[in-house]
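1. Whatever this is, show me its structure:
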Amino acid sequence: MASRLTALWLLALSALALSAAGQESERTEIRYRQKIYPLYPAMLERLPEVPSPLTAEDGTELVLATTRDGQSTLIPVTVENGAEYVYARSGKGRQLDVDGTDFPTLERTGLHSAVELAQVKTITGRSVAEITEIGRPGNSSGAGFMSVDEDIVSVVRGDNRLVKALGLTHPQMARPLFHIWNSILEQLHAIRHHGRSWGEIVAIRYHGRKVSPEWQVTRGWQESIFNDEIYGGCHIHISREPEKAERAFLEKAYPQLSPTDMAQLLDRLSRIRIGEMGPYYVMRYGFYEGHTEYRADPLAIAFIFGLRPIEEIERAFPGELLATLTNHFTREKRSAAAGESK
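-> Now for the predicted structure:
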C-alpha cells in the first residue's frame with residue numbers, strides 16, 4: 001500500500017503531539033439549553049439528550065463521542081481559524097479560508113463557477129500543469145493526489161458537479177471532516193496533557209449515525225501540491241456501517257448488481273481514507289483528491305455523516321451510484337464539459 005512518508009516516526013509523533021498543545025480548550029464545561037455539561041477528556045455520567053453535532057450557546061461546536069470502554073463524552077470541534085498551521089508547531093490553521101483569489105464564486109457561494117474553472121491557469125500562484133504533475137502518483141506522493149488520467153481542473157470540476165447535484169456546498173462537505181480532524185487534535189492534546197490513551201475515541205454520533213474514525217501518525221509529513229501552508233502527518237480512516245434499511249433500499253434499487261459489485265458499492269459509500277489535508281482542501285479549493293486511495297468522495301461524505309439520506313443520494317444519481325463512485329474525472333471528460341453553463 002502506497003504511503004506518504006518523508007521523515008522519521010519519532011519526529012512526526014513529537015511534532016503532532018506538540019501541535020496539539022495549542023488546541024486544548026481552556027474551557028472544561030459548556031452550557032446548552034440551560035444545562036451544564038463537562039467537556040472531554042471528562043466523561044459524562046449519562047448519555048445526554050442532545051443533538052450531535054451541536055452548537056452551544058457561545059458558538060462552540062461539539063460532537064458526542066463514545067470511548068472503547070463504552071463511556072460518553074462531548075468533544076469541542078469548532079471549525080475556526082486558529083493558531084498557525086506549520087509543521088512541528090501547528091494549530092488548527094485557517095480552517096475557514098476559501099481561495100477567493102482564484103475562485104471568487106467559490107468564496108461567495110460555496111460552489112465553483114464553470115466559467116472560472118474553464119479559465120483558470122494558476123492556483124495559489126502555481127500553474128495547473130505543475131500542480132497536476134506534482135499530484136500524479138509517484139511524484140510528491142506515492143499514492144498521488146489524482147490518477148494518471150486526471151488533472152487538477154478535471155477533478156475539481158467533476159466533484160463540483162457531484163456536490164451541486166446533492167444540493168450541498170463545499171463548506172458543508174468540509175465541516176464534518178474538520179469535526180473529525182479537530183476531535184483528533186483534542187485527543188492528541190489529551191494524551192499529552194491528561195494521560196489519556198491512544199485511540200480512546202471509537203465512535204462519534206453524527207446526525208443520528210454512528211461514525212467510526214480511526215487515525216494514526218505517519219513517520220513523516222506530506223507537503224501540499226498547492227503553494228500553501230497545508231501539510232499531512234496523519235492517516236484518517238472514517239467509516240459507518242450501512243443500516244439494514246439502507247442495504248435493503250440499495251438491493252431493491254440495483255437488483256442487477258452482482259454480490260461483488262454490491263459489496264463494492266456499499267464499501268465506496270461507507271468508507272473513506274484521508275489525511276488531515278483533506279478538509280482544508282475541500283474548504284479552500286473544493287478539491288476532494290482524484291480517484292486514489294486518499295479520495296474523500298462527496299457521495300461517501302454525504303452518506304457517512306448523514307448529510308443526505310440514501311434515497312436522496314440515489315435520486316441525485318438515478319441508477320448510477322456505482323459508476324459515479326468509480327468513474328475517473330478524465331481530461332477528455334473535462335474537455336467535453338468545457339462549454340457547460342455557469
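
2. What ranges in the protein fall below the confidence cut-off?
-> Across the chain, the ranges flagged by pLDDT under 70 are 1-26, 85-90, 332-342.

3. run the last query once more with 50
-> Applying pLDDT under 50 to the chain flags the ranges 1-24, 334-336, 338-339, 341-342.

4. Next up, the contacts around residue 306.
-> Contacts for residue 306 (Cβ atoms under 8 Å, 6 or more residues apart in numbering) come out as 206-209. Bear in mind the C-beta positions are built from the backbone N, C-alpha and C, glycine included.

5. now with 10 Å?
-> For residue 306, the contacting residues are 176, 205-209, 211, 240, by Cβ atoms under 10 Å, 6 or more residues apart in numbering.

6. In CSV: the residues you listed, plus distance to residue 156 and secondary structure.
-> Formatted as CSV, these follow (distance: Cβ to Cβ, whole Å; DSSP: H, G, I helix; E, B strand; the rest coil):
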residue, distance to residue 156, secondary structure
176, 20, helix
205, 32, strand
206, 26, strand
207, 27, coil
208, 31, coil
209, 28, strand
211, 26, strand
240, 26, coil
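
7. show me where the stretch 101-250 of the chain has strands.
-> 122-123, 126-127, 201-206, 209-223, 231-239 (DSSP state E, counting those that start in this stretch).

8. Could you check how far the residue nearest to residue 209 when sequence neighbours are not counted is from residue 91?
-> Nearest residue to residue 209, sequence neighbours excluded (Cβ to Cβ, 6 or more residues apart in numbering): residue 306, at 4.6 Å. For residue 306, the distance to residue 91 (Cβ to Cβ, to the nearest Å) stands at 29 Å.

9. circling back: would you format the strands of the stretch 101-250 of the chain as a markdown table with distance to residue 44 and mean neighbour count included?
-> Formatted as a markdown table, the strands of the stretch 101-250 of the chain follow (distance: least, Cβ to Cβ, whole Å; neighbours: other Cβ atoms under 10 Å):
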| stretch | distance to residue 44 | mean neighbour count |
| --- | --- | --- |
| strand 122-123 | 44 | 19 |
| strand 126-127 | 47 | 14 |
| strand 201-206 | 12 | 20 |
| strand 209-223 | 17 | 18 |
| strand 231-239 | 23 | 20 |
